[in-house]
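Engineer: Sequence first, predicted coordinates after that:
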Amino acid sequence: MTYVWAALLVLFIIAEAVTTALVAIWFIPGAILAMVFSMLGFPLWLQTLGFLLPSLGILLRIIFREKFFKSKTVATNSDALIGKLALVTEEIDDLAGKGAVKVGGAQWSARSADGATIPAGTVVVIAEIRGVKLICRKTEDALGHESAL
């Protein structure tokens, strides 16, 4: 039976090398454990159990971690700007196709979320990003948020 477990181990390693999708890697520790059990003379049912428990245990851990313990996705790069406050540095006028805001020390071209003209010096909130343009909305709650600019 040692040769059977060794052959399965080799097949799992080859399958993992060919697919590179972490398909067979979960069975490799089980095949190693079953092979060791076989070399130590353990009965077939214990060898099989030695193969199944690590393999299924690792698979179940991954499934449950993904299903029940998903980590919160953290916005990065430009997506992290959504919801932040920005200072209008050039009047936002969608009809004229102009406008700019400053956020986090960087200058961005901007457009209005509702098509309204927003004068320079106004504090706006970034609603979304379309291409390289920040889509902004006026905010009346700008007091105390100067550090966000």
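Structural biologist: Yep, it's here. Here the structure is a predicted model, which means the values were calculated and not measured.

Engineer: what comes up buried for the helix or strand of the chain with the lowest mean pLDDT?
Structural biologist: Here the helix or strand of the chain ranked lowest by mean pLDDT, DSSP states H and E is helix 44-68, holding a mean of 81. Within helix 44-68, the residues scored as buried using 16 or more other C-beta atoms under 10 Å are 47-51, 54-55, 58. (C-beta placed from N, C-alpha, C; glycine too.)

Engineer: same question, stretch 91-109
Structural biologist: 91-94, 99-101, 103, 108.

Engineer: Same check on stretch 14-21?
Structural biologist: Buried residues in stretch 14-21, counting neighbours by 16+ other C-beta under 10 Å, are found at residue 16.

Engineer: Give me the pLDDT for the residue sitting furthest away from the middle of the chain.
Structural biologist: Relative to the centre of the chain, the most outlying C-alpha is that of residue 41, 45.7 Å out, by C-alpha atoms, centre = their mean. pLDDT, the model's per-residue confidence, is 93 for residue 41.

Engineer: From residue 62, how far off is it?
Structural biologist: Residue 41 is 32 Å from residue 62, where distance means C-beta to C-beta, to the nearest Å.

Engineer: The chain: strands as residue ranges?
Structural biologist: Taking DSSP state E as the criterion, the chain carries its strands at 85-93, 98-103, 106-112, 123-130, 133-138.

Engineer: Make a markdown table from the ones you listed and add distance to residue 34 and mean pLDDT to it.
Structural biologist: Output for those, formatted as a markdown table (distance: least, C-beta to C-beta, whole Å; pLDDT from 0 to 100):
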| stretch | distance to residue 34 | mean pLDDT |
| --- | --- | --- |
| strand 85-93 | 60 | 93 |
| strand 98-103 | 58 | 94 |
| strand 106-112 | 57 | 92 |
| strand 123-130 | 52 | 91 |
| strand 133-138 | 58 | 91 |
